[in-house]
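J.: compute the structure for the input listed below.
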Amino acid sequence: MSKMGQRQSLDRVTVDTDVYTLACERTAYVLDTFEKAFVWFSGGKDSTGVLNIALEVIHSDPRFERHLPLRTVFYDEEAIPYETEEYVRRTAQRPDVDLEWYCLPVKHRNACSRTSPYWWPWAPEAEEKWCRPLPPEAITTLPGFPINPPEARLTAPDANGLFCPGRGNTAMLMGIRAQESPVRRKAVTRRKVDNYIIGYNGPTSRGNAWKVYPLYDWRTEDVWTAAALNGWDYNRAYDRMEMLGIPHFQQRCSPAFGEEPLTKIGMFAACFPEVWEKMAERVPGIGAAHRYALTELYGYGSRPAKPDGIPWPGFIVHYLQMFRPAEQVHVSGRINETIRRHYKVTTHPILPKSRHPQTGVSWDFLLTLAMRGDFKKRRQEMSALDPDQKARQWRAYASELARVLAAGIPPEELGHPRALPTDPQSVIPDEHREPR
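T.: Now for the predicted structure:
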């Protein structure tokens, strides 16, 4: 197993304890500190690790027996493999697990379509198109969760507080790992102490709920190593993906309808044809996404070339207008916020291709936001760079700025509020300049 810890910065440091022991220690601390605790269980590999570690810790110390049977909450997303349903049912039969199986029409992102940007699993108005029959264990109501109209329904994160009613602090143990995305890595690098415990402040918050990521520093291989060494049961959907040669880090059991998961939609169709047959009728735009998800139509691969004579802001607006009015407001707000942050940091122009080394912004990046939507803000402007990478990025930025100046591109075409720098090399900080 990996022996890598996470600190306040995005750098990793080696520690003397393996990640499995650290996860057990974190879980024990949480179970001892919080009055109530439950596991968010998806049936995936990461929540499998969280659940099994929590149960092992509880059984190892009589102090924690008050948490038995361990409350375990499962959101059934409807368009899931049958193997996931079977695995969750096996888990529910464990005497030390108290599983709540929710089939609620939570609001989900549908990046397959600009005109239908959301879908709702188990929506009562779409019952004839459901991908699977309603499980007999299903809980279809939750106090405080609005069913109608569809626009009032909550996303899963926004509904978290509804699972923590009453008095007393509640820990929600989740299978979130920093390796999975920059957003998740950033979430656990904000504090040096108890960085894996994060207060929940969503719209249903009562001030008594905390998100806990006991496996935040695990890698994919750590999860599967722990399962093999400890003999944990697991979701057999992964066996199908394994037989088709899907790399471990690309394997996922959740519906692939979001902006980033959309790239895996072909894998889902190949691995789970029984559900895919229903999904094709259930979610608007999924057929087109299956064929073109990895093309510029969905903001992947090469970007469409900006026509001459159109300023970059106008080109961005062209793609924004493909969304419905409400979604246009959301996406344009995200883009404008990104531009404002850039000019709070620097007076340098936003260039077509090269990301600015201080802000990570380019018009190509903003075009991606305009094409995909990025409703969950998972596309990040910046990533951690070592000094050599930073220096190369400055040189690339200065080089493109020189091409812009040589081509006589006016600042208004770049949406720049002032004159462009006349010396491209002058924008590079001294510490990143090449020695003369």
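J.: how does the protein divide up, domain by domain?
T.: The chain breaks down into these domains under automatic domain parsing: 4-238, 244-298, 312-432.
J.: out of the ones you listed, which is closest to K306?
T.: When those are compared by CB to CB, domain 312-432 sits nearest K306, at 4.7 Å. Just so you know, the C-beta spots here come from the backbone N, C-alpha and C atoms, and that holds for glycine as well.
J.: tally of neighbours for E412?
T.: Using other CB atoms under 10 Å, E412 has 11 other residues around it.
J.: how near is it to E400?
T.: Distance, E412 to E400, by CB to CB, to the nearest Å: 18 Å.
J.: by mean pLDDT, show me the worst of the domains of the chain.
T.: Lowest mean pLDDT of the domains of the chain: domain 244-298, a mean of 82.
J.: pull the distance from it to the chain's centre.
T.: Taking the mean of its C-alpha atoms, domain 244-298 sits 16 Å from the chain's own mean (CA atoms, centre = their mean, to the nearest Å).
J.: just give the nearest non-adjacent residue to R26, would you?
T.: P214 (4.5 Å; CB to CB, 6 or more residues apart in numbering).
J.: hang on, the earlier thing: now distance to K306 too, for the domains of the chain, in CSV please.
T.: Formatted as CSV, those follow (distance: least, CB to CB, whole Å):
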stretch, distance to K306
domain 4-238, 20
domain 244-298, 13
domain 312-432, 5
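J.: P304 is nearest to which of the ones you listed?
T.: domain 244-298 (5.5 Å).
J.: ok, now which ones touch the residue nearest to R26?
T.: Contact partners of P214, counting by CB atoms under 8 Å, 6 or more residues apart in numbering, are 23, 26-27, 30, 50, 53-54, 173, 196.
J.: what ranges do the helices span in the stretch 251-400 of the chain?
T.: 265-271, 273-282, 286-292, 312-320, 325-345, 363-372, 387-406 (DSSP state H, counting those that start in this stretch).
J.: ok, which of the ones you listed comes nearest M241?
T.: helix 265-271 (5.4 Å).
J.: tell me which residues of the closest one come out buried.
T.: If you call a residue buried by 16 or more other CB atoms under 10 Å, then helix 265-271 has these buried ones: 265, 267-269, 271.
J.: same deal with stretch 127-135?
T.: By 16+ other CB under 10 Å, the buried positions in stretch 127-135 come out as 130-132.
J.: try stretch 313-321
T.: Of all the residues in stretch 313-321, those buried under the rule 16+ other CB under 10 Å are 313, 315-316, 319-320.
J.: same check, this time on stretch 165-183
T.: If you call a residue buried by 16+ other CB under 10 Å, then stretch 165-183 has these buried ones: 170-182.
J.: okay if I get those as CSV plus distance to W40 and secondary structure?
T.: As requested, those are arranged in CSV below (distance: CB to CB, whole Å; DSSP: H, G, I helix; E, B strand; the rest coil):
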residue, distance to W40, secondary structure
T170, 12, strand
A171, 11, strand
M172, 6, strand
L173, 7, strand
M174, 5, coil
G175, 7, coil
I176, 9, coil
R177, 14, coil
A178, 17, helix
Q179, 18, helix
E180, 15, helix
S181, 17, coil
P182, 21, helix
